[in-house]
Each structure stands twice: as C-alpha cells, then as structure tokens.
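*Asks:* I'd like to go over a predicted model; first the sequence, then the structure.
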Amino acid sequence: MKGSDAFHLNILQERFTDIMQGDPVHRQQRAKYLKEDMEEIFMLPDSKVHPGIASLYNQIKDVADGIDDKVLAARRNWF
C-alpha cells in the first residue's frame with residue numbers, strides 16, 4: 001500500500017467511525033456527504049483504487065442508501 005493510500009484510508013475510516021457512532025438520525029445524511037466526497041476525490045465508482053478504500057466506499061454507500069443496521073452487520077460478518 002502506498003503511503004498516500006494508507007493516509008487516505010486512515011482518515012476515511014476515522015470519518016466513517018464517527019458517522020457510525022454518531023446520532024442515528026443524521027447517520028444516513030452524513031454518510032451521503034462522505035460518499036459524495038469520495039466520489040469526487042477518487043473518481044469512484046469507476047476508477048481503480050486501493051481495495052481497502054473501495055471496500056470502505058461500499059460500506060459508506062450502503063449507509064448512505066439507508067441499508068438497515070442488521071443487514072450491514074451481517075455483511076461485515078459474512079466476509
């Protein structure tokens with residue numbers, strides 16, 4: 001992993017953790033903003049990025065799309 005990939009992944013993981021630990025009422029909207037930021041910065045979903053960044057993007061996208069917490073937990077445990 002390149003240093004810049006590790007740096008970006010670290011920051012994105014921290015922001016996502018803050019979103020998930022924050023107020024559930026605003027979780028979906030905050031995830032939507034982060035998803036949009038990632039799409040702008042990394043040209044997602046069409047560009048090739050580090051697999052960790054791509055995986056985190058998919059998790060953020062699920063939260064932004066309003067996927068139920070139980071489904072999200074099952075997906076995390078599935079892989």
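*Replies:* Thanks, I have the structure now.
*Asks:* contacts and neighbour counts: CA atoms only from here.
*Replies:* OK.
*Asks:* Could you list the low-pLDDT ranges of the chain?
*Replies:* 1, 72-73, 75-79 (pLDDT under 70).
*Asks:* centroid residue for it?
*Replies:* Geometric centre of the chain, nearest residue: Ile60, 3.0 Å, by Cα atoms, centre = their mean.
*Asks:* Which helix or which strand is home to that one?
*Replies:* Taking DSSP states H and E as the definition, Ile60 sits inside helix 51-64.
*Asks:* which SS state does Val49 fall under?
*Replies:* When classified by DSSP: H, G, I helix; E, B strand; the rest coil, Val49 comes out as coil.
*Asks:* Hmm, the residue nearest to the centre of the chain is touching Arg30, no?
*Replies:* No: with contact defined as Cα atoms under 8 Å, Ile60 and Arg30 do not form a contacting pair (9.5 Å).
*Asks:* now His26, what's its secondary structure?
*Replies:* For His26, the assignment made with three-state DSSP gives helix.
*Asks:* no, scratch that, I was asking about Pro45
*Replies:* coil.
*Asks:* what's it sitting at in phi/psi?
*Replies:* phi -90, psi 10 (degrees, to the nearest 10).
*Asks:* And His50, by the same measure?
*Replies:* Comment: the main-chain dihedrals of His50 come out as phi -60, psi 140, following degrees, to the nearest 10.
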